[in-house]
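Participant: Sequence plus the predicted model coming up.
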Amino acid sequence: MQLENPANAAAIVRQAWEIATTGRPGPVWIDVPMDIQSASVPERAPEADDDLQFDSFNTPNTSMEDDAATGAALASAAASVLSDLMAARRPVIFAGGGVRAADAMKEYLELAERLDCPFVTGWNAHDILPNDHKN
């Protein structure tokens, strides 16, 4: 997102916060052009921005969220992944920051132990499983 008018700074920050903390939480980049960086921002009460509307304010963060599987479709997709994992000659489970974002560390550890499958983690998830874990 880009701040194009200094008067909209508070609203843009609010929108960025909403995007960063909902759906698939994560960082949000606000581009502030050089001419805007040195501009004065008018002082006003926060409620003055309440009437601003943004089309994308409450939309999913990614197109994947638009098509997220639920119910029977989710169960079917999970069964397919598990089947592929069990059929693999050298299976491995990769965990990234999404495990933490979903607060699913316990479930991930249970899965790794139940499948007795090696696992690896991304740079942002090294602490979701103990370093001395057998897998």
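Facilitator: Structure's in. What do you need? The structure displayed is predicted, hence computed values, not measured ones.

Participant: what's the span of stretch 17-26, first residue to last?
Facilitator: Start-to-end span of stretch 17-26 (Cα to Cα, to the nearest Å) is 10 Å.

Participant: Run the chain-centre distance for stretch 102-111.
Facilitator: In this view, stretch 102-111 has its centroid 16 Å away from the chain centroid, taken as Cα atoms, centre = their mean, to the nearest Å.

Participant: as a whole number, average confidence for it?
Facilitator: Average pLDDT, stretch 102-111: 87.

Participant: need the strands for the chain, in chain order.
Facilitator: 93-95, 119-121 (DSSP state E).

Participant: Can you get me the start-to-end distance on stretch 17-34?
Facilitator: 22 Å.

Participant: buried stuff in that stretch?
Facilitator: Residues of stretch 17-34 classed as buried by neighbour count (16 or more other Cβ atoms under 10 Å): 18-19, 23-24, 28. (Each C-beta comes from the backbone N, C-alpha and C, glycine too.)

Participant: Of those, just say which sits nearest to residue 93.
Facilitator: When the buried residues of stretch 17-34 are ranked by distance to residue 93 (Cβ to Cβ), residue 24 comes first, at 19.8 Å.

Participant: tell me the contacts of residue 20?
Facilitator: 26-28 (Cβ atoms under 8 Å, 6 or more residues apart in numbering).

Participant: how close does it sit to residue 83?
Facilitator: Counting by Cβ to Cβ, to the nearest Å, the separation of residue 20 from residue 83 is 35 Å.
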